[in-house]
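> from the sequence below, what's the structure:
(chains A and B)
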Number of protein chains: 2
Amino acid sequence: MDIVIALGGNAILQENEKGTFEEQYSNIKNTIKKIAEIIKMGNNVVITHGNGPQVGDIVSMYEWSKDKLPAMPLPVCGAESQGMIGYMIVQALENELHSLRIDKEIVGMLTRTVVDAKDEHFKNPSKPIGPFYTKDESDAITKEYGWAMAKENDKYRRVVASPVPVGIMEFNVIKRLHESGAVVVCTGGGGIPVAIENGESIGVNAVIDKDLASSLLARKLYADMFIMLTDVSNAFLGYGTKGQKAIEKISVEECEGYMKKGEFHEGTMKPKVEAALEFVKATGMPAVITSLANAEKAARLEAGTVITK
Amino acid sequence: MDIVIALGGNAILQENEKGTFEEQYSNIKNTIKKIAEIIKMGNNVVITHGNGPQVGDIVSMYEWSKDKLPAMPLPVCGAESQGMIGYMIVQALENELHSLRIDKEIVGMLTRTVVDAKDEHFKNPSKPIGPFYTKDESDAITKEYGWAMAKENDKYRRVVASPVPVGIMEFNVIKRLHESGAVVVCTGGGGIPVAIENGESIGVNAVIDKDLASSLLARKLYADMFIMLTDVSNAFLGYGTKGQKAIEKISVEECEGYMKKGEFHEGTMKPKVEAALEFVKATGMPAVITSLANAEKAARLEAGTVITK
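Prediction:
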């Protein structure tokens, strides 16, 4: 089967960790062991991944170093994070497949994701990124750079738009490599955000939801399955309440009903459910939301929240 | 013809510039216009690039931010620079080819270059990287991290090994994409340095000469030509003297003679001449060293220093 697997942030960095290379690479190795098992089952996979903490760190470093070095715009920071995380995934996967005596080409590809320059989200930037500032610093930044800033507890942070992904610039090559049996690692952090203006692709200061971008990729590939691996085993009804109930198999229709009732949290589960629904509705194939630990079972539709048509 | 083109640092950043995104992208766009002309002539090109200033900046930022964030090892910094520069090259090339109505797949690929863990260069690290330190800071760093440090004017800098590239992990995919007509952007900064230990590839703290790595790639591809674009029009005899003389067409034998006489400077022209000689000796095909401005002429063997068998 052709499976697109989107790795959540916790596949790379756990919340209580400092973010050393050793921690990140060790997490990735554990994650990749599970992906390798899915490959060993005979599946042809495409791997995408988040980049939240990493791109946040890169943006912060440019900010802290701005008296010495010019800061890079967000698309460049995103590209740097694709290099960083993509390298670790490719390296871990190759070593793991080698130890399993599986011979596969592995490609870590820089990927640009197209957004609409007129996307409504640009009017209402809401995704916090980079370091925290005091009120005075925040005001000075808005004056100097024109950045939107938002209060977070008693500090301020830059907020950027998270527009809807509408295309993947590298799609044809990803498809060709995937069809030829290579494992493609791509669309990292939702892809480097670009808009097309007068036929020219131009980087835009935005971040793209990696689950929505991965869903777009899975749809365009007509994948047989789309799996999102995250830090919870399932989507839940009444999440966080005493009576929370894991959702197991569910139809598109039922799931849309729960979404309308506000069962899924903005910024965490909701975009995942949306990404799943878009995939299932477009292809008729199942999407799974589950934890890393359940990855192999997910590929057999035996764990997690399985959304079917 | 199949041509491997290695872009020097000045294709991305000029010496008198600050290194803003606008400067770097503008330089890359100018460079890419010339590469696009070579593609328009009907050639099938692979593009490699340096990363000196960029990886230096990334290493420096991690150093400056080390009280707040864990620093990443050199292979990760190299991977980040591949993301950053690769993105700019891919974007500029696609826009340029689009404006010329040339339809080509373009792939920016993360590339790991294999070195021998026992390479003699590890015993004598000589490549300066990252920020400058005082004597006291330098001593403290050696004590804390065990880094080799070297004096540069009255300051100190970390020095790392520059081992000989012996393999390219992603070679098979690069070859396949290249043969199918895609423009592959790869082996950035000489590649992410890895060594193979007990069948496992592991990142190593080193930097790889991008011309030597590009030559290895060109040899393995049996390219018809290997072009290195840099900031001078030719290799020179008596470089820097009043009577300096540009070398135009030259045989391997003659060139080796000049090298033995010490005509080519360590760290600048010598590795380029070595990279060229290795290519010509292995393939029998010509290598060219010239300036960006001469790129098109170089592809017709009408400019620069042309080394033939």
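
> for the rest of this, base every contact and every neighbour count on C-alpha atoms.
Noted.

> give me the neighbour count for the residue lying closest to residue A:207 once chain neighbours are set aside.
Leaving out its chain neighbours, the residue that sits closest to residue A:207 by C-alpha to C-alpha, 6 or more residues apart in numbering or on different chains is residue A:162, at 5.0 Å. Using other C-alpha atoms under 10 Å in any protein chain shown, the number of residues around residue A:162 comes to 21.

> so which residues make contact with stretch A:221-233?
Stretch A:221-233 has contacts (C-alpha atoms under 8 Å, 6 or more residues apart in numbering or on different chains) with A:1-11, A:175, A:211, A:215, A:218, A:272, A:276, A:279, A:283, A:285-292, A:294-295, A:298-299, A:303-305.

> try it again with 7 Å
Under the contact criterion C-alpha atoms under 7 Å, 6 or more residues apart in numbering or on different chains, stretch A:221-233 has outside partners A:1-8, A:10, A:175, A:218, A:283, A:285-292, A:304.

> for residue A:156, see how far away the residue nearest to residue A:207 is.
According to C-alpha to C-alpha, to the nearest Å, residue A:162 stands 18 Å off from residue A:156.

> so which residue is dead centre in chain A?
Chain A has residue A:210 as the residue nearest its centroid, 2.6 Å off, counting by C-alpha atoms, centre = their mean.

> how many neighbours does the residue lying closest to it once chain neighbours are set aside have?
Nearest non-adjacent residue to residue A:210, counting by C-alpha to C-alpha, 6+ apart: residue A:190, 3.6 Å away. Neighbour count of residue A:190, defined by other C-alpha under 10 Å: 28.

> quick one, phi psi at the residue of the stretch 151-300 of chain A found nearest chain B?
Nearest residue of the stretch 151-300 of chain A to chain B (C-alpha to the nearest C-alpha) works out as residue A:200 at 5.5 Å. Main-chain torsions, residue A:200, degrees, to the nearest 10: phi -110, psi 140.

> and the nearest residue to it once chain neighbours are set aside, what element?
Closest residue to residue A:200 apart from its sequence neighbours, by C-alpha to C-alpha, 6+ apart: residue B:95 at 5.5 Å. If you go by DSSP states H and E, residue B:95 is part of helix B:74-99.

> who does the following helix or strand past that helix pair up with?
Reading on from helix B:74-99 to the C-terminus, the next helix or strand found by DSSP H and E is strand B:106-108. Strand pairing for strand B:106-108, determined by DSSP bridges: strand B:183-185 (parallel).

> tally of neighbours for the residue nearest to residue A:200?
Residue B:95: 20 neighbours (other C-alpha under 10 Å).

> pLDDT wise, what is it at?
Predicted confidence (pLDDT) at residue B:95: the value is 98.

> next one: the one 3 residues further on
The score at residue B:98 is 96. That number is its pLDDT.

> and it, how many residues sit next to it?
Residue B:98: 15 surrounding residues under other C-alpha under 10 Å.

> just checking, residue A:128 is part of a strand?
Yes - Residue A:128 forms part of a strand when assessed by DSSP: H, G, I helix; E, B strand; the rest coil.

> what's the offset of stretch A:221-228 from the middle of its chain?
Averaging C-alpha positions (C-alpha atoms, centre = their mean, to the nearest Å) puts stretch A:221-228 14 Å from its chain's average.

> what does the stretch 1-150 of chain A put close to chain B?
Neighbours of chain B within the stretch 1-150 of chain A, by C-alpha under 7 Å from any C-alpha of the partner chain: A:19-21, A:61, A:65, A:70, A:72, A:76, A:79-84, A:87, A:91, A:95, A:105, A:107-110.

> follow-up on the earlier one: in strands, which of the contacts of stretch A:221-233 appear?
Residues from those lying in strands, with DSSP state E as the criterion: A:2-7, A:287-291.

> just to revisit the earlier point, of the residues of the stretch 1-150 of chain A next to chain B, just the buried ones, ChimeraX syntax please.
Paste this into ChimeraX to select the buried members of the residues of the stretch 1-150 of chain A next to chain B, with burial taken from 16 or more other C-alpha atoms under 10 Å in any protein chain shown:
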select /A:19,21,61,65,72,76,79,80,81,82,83,84,87,91,95,105,107,108,109,110
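
> what's the helix or strand of chain A with the lowest mean pLDDT packed up against?
When each helix and strand of chain A is scored by mean pLDDT, DSSP states H and E, strand A:127-133 comes last, with a mean of 88. Packed against strand A:127-133 by the contact rule (3 or more C-alpha pairs under 7 Å, 6 or more residues apart in numbering or on different chains; DSSP states H and E) you find helix A:52-64, strand A:155-160.

> show me where chain A has its helices.
With helices called from DSSP state H, chain A shows them at A:21-40, A:52-64, A:74-99, A:135-145, A:171-179, A:210-220, A:252-260, A:269-283, A:295-299.

> how far does the longest one sit from the chain's center?
On the basis of C-alpha atoms, centre = their mean, helix A:74-99 is displaced by 13 Å from the centre of the chain it belongs to.

> for the residue nearest to the centre of chain A, what are its contacts?
Contacts for residue A:210 (C-alpha under 7 Å, 6+ apart) come out as A:49-50, A:189-190.

> could those residues go into CSV alongside pLDDT?
CSV is the format used below for these (pLDDT from 0 to 100):
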residue, pLDDT
A:49, 97
A:50, 95
A:189, 97
A:190, 98
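
> among those residues, who's most crowded?
Sorting these by how many neighbours each has (other C-alpha under 10 Å) puts residue A:189 first, at 32 neighbours.

> give me every residue that touches it.
Per C-alpha under 7 Å, 6+ apart, neighbours of residue A:189: A:49-51, A:78, A:208, A:210.

> residues from the stretch 201-309 of chain A in reach of chain B?
With C-alpha under 7 Å from any C-alpha as the criterion, the stretch 201-309 of chain A meets chain B at residues residue A:201.

> read off the pLDDT value for residue A:4.
98.

> which members of the contacts of stretch A:221-233 are classed as buried?
Neighbour-count burial (16+ other C-alpha under 10 Å) applied to the contacts of stretch A:221-233 gives A:2-8, A:10, A:175, A:218, A:283, A:285-292, A:304.

> grab the nearest non-local neighbour of residue A:251.
Per C-alpha to C-alpha, 6+ apart, closest to residue A:251 is residue A:308, 5.0 Å.

> ok, now how distant is the one you found from chain B?
Counting by C-alpha to the nearest C-alpha, to the nearest Å, the gap from residue A:308 to chain B is 34 Å.

> from memory that residue sits against residue A:280, does it?
Yes - with contact defined as C-alpha atoms under 7 Å, residue A:308 counts as touching residue A:280 (6.3 Å).

> which of the two has more neighbours?
Legend: neighbour count by other C-alpha under 10 Å for residue A:308 and residue A:280, higher for residue A:280 (25 against 20).

> contacts only, for the more buried one.
A:286-287, A:308-309.

> reformat those residues as a markdown table; add pLDDT.
Shown next, in a markdown table, are these (pLDDT from 0 to 100):
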| residue | pLDDT |
| --- | --- |
| A:286 | 98 |
| A:287 | 98 |
| A:308 | 98 |
| A:309 | 94 |
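
> and the furthest pair within the residues you listed?
Pairwise distances across the contacts of residue A:280 (C-alpha to C-alpha) peak at 9.5 Å, for the pair A:287 and A:309.

> hang on, the earlier thing: could the helices and strands packed on strand A:127-133 go into TSV alongside mean pLDDT?
Output for these, formatted as TSV (pLDDT from 0 to 100):
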stretch	mean pLDDT
helix A:52-64	93
strand A:155-160	93
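
> what residue of chain A is the furthest out?
residue A:136 (33.1 Å).

> which residues touch that one?
For residue A:136, no contacting residues are found, by C-alpha under 7 Å, 6+ apart.

> how does it look with 10 Å?
Shown in contact with residue A:136 (C-alpha atoms under 10 Å, 6 or more residues apart in numbering or on different chains): residue A:156.
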